[in-house]
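# Build me a structure from this.
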Amino acid sequence: MEIVARLVSDAKVAETKSGKQVVNFRVAINDYYRPKGGESVEVTTYVNCAYWISPAIAPRLVKGTLVELYGRIGVDAYVGKNGSLVGVLTLHVNNIKVHARPSAPGGQPLAAIVVTPAAAGKSDLPF
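The predicted model follows:
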């Protein structure tokens, strides 16, 4: 599944009991429609995301960032405090593309954070 959405809060890195790290974040998907003869209606869907491949991406995933996500979607269901059935969408992310970062106060774009692999050394490229 592919979705394009904005982060609603900064990403957080968590660690499992076995020591594996996961980047957890939440995005909002905004959709608009107009019923026949009516006014425009905005619908927002929230999706909890988990990225297991590398925690190095976490500093780039700040509130307001526009991202394109690819992964496997699932639904967690439970009974809420008031007895109603609650469903939560989850996306197990395989690939992240960062499209736009939010602006700092005053309209200046935030400085880009470059994530490089720890093992990056001299280039072995033939050109």
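
# quick one: average pLDDT of the longest strand belonging to the chain?
Among the segments of the chain that qualify as a strand by DSSP state E, the longest is strand 85-100. On average, the pLDDT along strand 85-100 is 92.

# Show me what it is in contact with.
With C-beta atoms under 8 Å, 6 or more residues apart in numbering as the test, strand 85-100 has contacts from 1, 3-4, 45-53, 57, 60-61, 65-80. Heads up, the C-betas are built off the backbone N, CA and C, glycines and all.

# let's see 7 Å
45, 47-51, 57, 60, 65-80 (C-beta atoms under 7 Å, 6 or more residues apart in numbering).

# try stretch 1-20
Under C-beta under 7 Å, 6+ apart, the answer for stretch 1-20 is 21-29, 46-47, 55, 58, 61-73.

# do stretch 61-77 as well
By C-beta under 7 Å, 6+ apart, the list of residues contacting stretch 61-77 reads 1-11, 23, 25, 27, 49, 85-102.

# tell me which residues in the longest strand of the chain are buried?
Within strand 85-100, the residues scored as buried using 16 or more other C-beta atoms under 10 Å are 89, 91, 93, 96, 98.

# same check, this time on stretch 17-37
Neighbour counts over stretch 17-37 (16+ other C-beta under 10 Å) mark 22-23, 25-27 as buried.

# is it possible to export the buried residues of strand 85-100 to JSON lines including distance to Glu15?
Listed next are these as JSON lines, based on distance: C-beta to C-beta, whole Å:
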{"residue": "Leu89", "distance to Glu15": "24"}
{"residue": "Leu91", "distance to Glu15": "20"}
{"residue": "Val93", "distance to Glu15": "18"}
{"residue": "Ile96", "distance to Glu15": "19"}
{"residue": "Val98", "distance to Glu15": "23"}
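
# could you pull out the strands for the chain?
Going by DSSP E, the chain shows strands at 2-7, 12-15, 21-33, 41-51, 66-79, 85-100.
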